[in-house]
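Trainee: just a sequence and a predicted model for now, questions to come.
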Amino acid sequence: MAAYVNRTISMMAGDGPHNVSMLNNGSVRVNMQNVDSPLQIFVRAKKKINDIFVEIDDYVKDAVTFMHAVSGENGIATPQDMGNVESYVSKVEAIREVLKRDHMKVAFFGRTSNGKSTVINAMLHDKILPSGIGHTTNCFLQVEGSDTNEAYMRTEGCEEKLNVQSVSQLGHALCATRLQECSLVHVHWPRELCALLRDDVVLVDSPGVDVTPNLDTWIDKYCLDADVFVLVANAESTLMVTEKNFFHKVSTKISQPNIFILNNRWDASASEPEYMEQVRTQHANRCVDFLSRELRVCSPKEAEERIFFISAKEALLTRMRDREKPVSSPILAEGHQVRYFEFVDFERKFEECISQSAVRTKFAQHSRRGKNIAGDVMAALDRVYNIATEQKAAKVEKQRILHEQLSSIEEQLTTITRQMKDKINRMVESVEHKVSLTLSQEIRRLSALVDEYESEFRPERPALEQYKRALHRHVEAGLGSRLKKRLSSDIGNEMDVVQKEMAERMYNILPTNKRAAAANYIIPHQQPFEVLYRLNCDNLCADFNEDLSFRFSYGITALIQRFQGKNTNRIALNNPPQYTQIPASITPVSALPPAPRAALPVLSAEEWGLLSKFALGALTSQGTMGGLLLSGLLLKTVGWRVLAVTGLAYGALYAYERLTWTAKAQERVFKRQYVAHAGKKLRLIVDLTSANCSHQVQQELSTMFARLCRLIDEATTEMDAELSGVRDAIKMLDDASTSAKKLRNKANYLSHELELFEEAFLKHNN
Ligand SMILES: Nc1nc2c(ncn2[C@@H]2O[C@H](COP(=O)(O)OP(=O)(O)OP(=O)(O)O)[C@@H](O)[C@H]2O)c(=O)[nH]1
């Protein structure tokens, strides 16, 4: 026996989770605070997966924030992806809540008085649950660690904390206030007092399976989430049908339940040591058979590892004594150390089993869900990343095109501006020349225009003034309409050509999508071009003073004037006026026709010269002596008869002219004088008028060009704004794809973490 004890001690000290030591009085102490306890697998796994889920929580929240930022109108996250990712926030929170509550649960079943409560108390190192002879436990009692490290209890559905001492009454079948057998009482016990509770093991005591017909309800309510079942049997008898029946039911509802069988009250064998081994073998075989063949929850070899022969009462007693707590019966039967070691062995195997099972059943599922969440979020982020990358590529291309278009527009605009400037300048010069030429030509035919005017002419002053004004209007209208006729359509056509070319070229440099809007503005004006000039004959001829006094054509004064006029003309031709640039062809039309010469006597040049000098001298001296000298000279030269005939003819000519000096003749003279005067004045404004017209053309073309430039400017401003928008979009997409990539990488990291978790806690755990 001593050898068996020593072997057991050395085996447990070497492999087991607890430090085991033999005390002087022969009792054994096991240090339950060993950090290498198999339960630590669950504890570490729980902490690890909790940490991972904290990260998953942060990750999902970050992903939601990101998705919000990139969703909405023109967003790159679809509402579906957004909704999916958002839904994971609550899912992860729910998993974290479950994780917080996740624990290892062991449920104890067996017939009444087999010692279930005593086993639990022994495992907890204290007498916490009521135990005693007869039917004691009347409801389910769940012992779990207290978060506040205080001992208290709660009944099902009630938050009130009750004194833990009352568990003896409340959970006791003999108690006055009896609870339903299916109801649950939570007993919270300070974690620091028990390693099992500290490591999140929850122990559930039950009423005897032989005292209830509600086994199915029990199973549904308390067994489905249990990691380990302990069947507490009575070693003094064999397994009963009620016990077996219960576990048959359990195994139909739970696949491969972990079942331990404790043959309790093995201390009774001490009274009959000769049959001890036989009974043990018999019980063990039946239990192995039950687990492996009947329930098929494990192999026979595994079943052997799940069957123990213990005395819970002795184990509890030993542990109470270790804690120096008062015990009722301090005497232990022969072989109690062996039974105690077997109890400790049970605990070790139970801890290994429950830890591995709980990690597998609870955390494998969480890990799987965590991976799915990370994978789903990553897929959504992948889609966002892909959309962002695609859109970014499109925007970069758009940016390139806009850049090219803007540079091309700028380049072409510079060329067109230069060319159009030249064209406008050429056109302006051409118009100036054309207007100048046309106006000069019209001035030359002014006499015809004036002759066309017909109205009653009366030499009296008021009538004459009225005639003059009417003639002004006639000349203005006539000249105006002639110029319009000759210039407007001509210049207008030329301008249309230039404007059309200008518009077309400007239109063509616009990008195609801007042309439609610009087309309306580019259509050249529909009004025909009209040369604008102002001929105001009232002002122009304000200084015109007609001379309608009768003058004999061959009077001495007229002859002298004609003679002087010839000289003056010669002088004028030698010194042309400086203020006009009218070509030589546009010389003023002569106002007076040349005087008739046929009636004059034929004289030699010297005689005419002498005669003239005398006549001139006579007239200018105004003296009688002059006249006498002239008469004497004539008498001496031509003789008196010739002189008489000439005198008669001269007189007749005078009489004729005097008689024909009518209003008609006066009108002719008036018109001649008017033509001469108006022509002279009009010639003075030729340059000004042509400059005005060319300026008008220049204005018209420049305005049109400026309008087109403005249009281009508007288009390029729009394009600049568009370019800026594209740049912003590229930046946004860049940021989005970078963030999506980072978050995607984090999903990879989390999946990797879960892989590591599975590698560490699940894969070698099967
Ligand atoms: N001799 C001996 N008595 C034990 C042992 N275990 C428990 N008992 C006694 O058996 C009686 C019943 O023990 P309980 O722990 O109350 O049994 P139970 O299975 O919880 O009973 P119910 O609560 O009624 O279902 C008590 O008086 C215990 O002291 C043991 O190993 N040896």
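Mentor: Received it, and whenever you're ready, just let me know what you need. Numbering: from 1, shown residues only.
Trainee: the residue in the stretch 301-450 of the chain positioned nearest to the ligand is in what secondary structure piece?
Mentor: Across the stretch 301-450 of the chain, the shortest distance to the ligand (CB to the nearest ligand atom) belongs to residue 313, at 3.4 Å. The way it works is simple: take the backbone N, C-alpha and C, and place the C-beta from them, glycine included. Here residue 313, judged by DSSP states H and E, is contained in helix 312-322.
Trainee: so what secondary structure elements neighbour that helix?
Mentor: Contact partners of helix 312-322 among helices and strands, from 3 or more CB pairs under 8 Å, 6 or more residues apart in numbering; DSSP states H and E: helix 116-124, helix 336-358.
Trainee: contacts for it, please.
Mentor: Around helix 312-322, the neighbours that count as contacts under CB atoms under 8 Å, 6 or more residues apart in numbering are 27-29, 115, 118-119, 121-122, 125-127, 232, 262, 264-265, 267, 326-327, 329-330, 332-333, 336, 339-340, 343.
Trainee: buried residues, it. List them.
Mentor: Judged by neighbour count using 16 or more other CB atoms under 10 Å, the buried positions of helix 312-322 are 312, 313, 314, 315, 316, 317, 318, 319, 320, 321.
Trainee: quick check, nearest of those residues to residue 472?
Mentor: residue 319 (141.4 Å; CB to CB).
Trainee: circling back: among the contacts of helix 312-322, which ones are buried?
Mentor: Neighbour-count burial (16+ other CB under 10 Å) applied to the contacts of helix 312-322 gives 27-28, 115, 118-119, 121-122, 125-127, 232, 262, 264-265, 267, 332, 336, 339-340, 343.
Trainee: of those, list those near the ligand.
Mentor: The subset of those within reach of the ligand, by CB under 6 Å from any ligand atom, is 115, 118, 264, 265, 267.
Trainee: state the pair within these that is farthest apart.
Mentor: Between any two of these, the greatest separation by CB to CB is 11.5 Å, found for 118 and 267.
Trainee: low-scoring stretches of the chain, by residue?
Mentor: Across the chain, the ranges flagged by pLDDT under 70 are 1-36, 133-136, 166-181, 328-330, 517-518, 520-528, 564-628, 630-631, 764-766.
Trainee: change it to 50
Mentor: Counting by pLDDT under 50, the chain has low-confidence residues at 1-33, 173-174, 567-603, 605, 608, 614, 618-623.
Trainee: which segments of it make up each domain?
Mentor: When the chain is parsed into structural domains using automatic domain parsing, the resulting residue ranges are 104-335, 375-546+678-726, 551-573+613-660.
Trainee: wait, residue 229 sits on residue 223?
Mentor: Yes - with contacts counted by CB atoms under 8 Å, residue 229 reaches residue 223, the gap being 7.2 Å.
Trainee: near the ligand, which residues of this structure?
Mentor: Contact residues (CB under 6 Å from any ligand atom) of the chain with the ligand: 110, 112-118, 131-133, 135-137, 207-208, 264-265, 267, 311-313.
Trainee: and if we set it to 8 Å?
Mentor: Within the chain, the residues that sit near the ligand (CB under 8 Å from any ligand atom) are 110-119, 121, 129-138, 173, 205-208, 211, 232, 264-268, 310-316.
Trainee: can you give me the helices in the stretch 551-700 of the chain?
Mentor: For the stretch 551-700 of the chain, applying DSSP state H, counting those that start in this stretch gives helices covering 556-574, 605-621, 624-638, 640-659, 663-684, 686-757.
Trainee: ah, wrong one, I meant the stretch 401-550 of the chain
Mentor: For the stretch 401-550 of the chain, applying DSSP H, counting those that start in this stretch gives helices covering 446-452, 461-483, 489-509, 512-522, 537-540.
Trainee: packing partners of the shortest one?
Mentor: Pointing back at helix 537-540 there. Using 3+ CB pairs under 8 Å, 6+ apart, the elements in contact with helix 537-540 are helix 461-483, helix 663-684.
Trainee: how about those helices in a markdown table, adding mean neighbour count?
Mentor: Compiled in a markdown table, the helices and strands packed on helix 537-540 are given as follows (neighbours: other CB atoms under 10 Å):
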| stretch | mean neighbour count |
| --- | --- |
| helix 461-483 | 15 |
| helix 663-684 | 18 |
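Trainee: okay if I get those as JSON lines plus distance to residue 300?
Mentor: Formatted as JSON lines, the helices and strands packed on helix 537-540 follow (distance: least, CB to CB, whole Å):
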{"stretch": "helix 461-483", "distance to residue 300": "130"}
{"stretch": "helix 663-684", "distance to residue 300": "138"}
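Trainee: okay, now residue 349: neighbour count?
Mentor: The number of residues packed around residue 349, counting by other CB atoms under 10 Å, is 16.
Trainee: kindly report the same for the one 3 residues further on.
Mentor: As a burial measure, residue 352 scores 17 neighbours (other CB under 10 Å).
Trainee: residue 288 now?
Mentor: Here the number of neighbours of residue 288 (other CB under 10 Å) works out to 21.
Trainee: again with residue 400
Mentor: Applying other CB under 10 Å, we find 11 other residues in the vicinity of residue 400.
Trainee: give the contact list for it.
Mentor: Applying CB under 8 Å, 6+ apart, no residues contact residue 400.
Trainee: show the backbone phi and psi for it.
Mentor: The phi/psi pair for residue 400 (degrees, to the nearest 10) reads phi -60, psi -50.
Trainee: tell me how far it lies from residue 508.
Mentor: Counting by CB to CB, to the nearest Å, the gap from residue 400 to residue 508 is 21 Å.
Trainee: with residue 138 instead?
Mentor: 100 Å.
Trainee: try residue 633
Mentor: Using CB to CB, residue 633 is found at 90 Å from residue 508.
Trainee: fine by me, we can end here.
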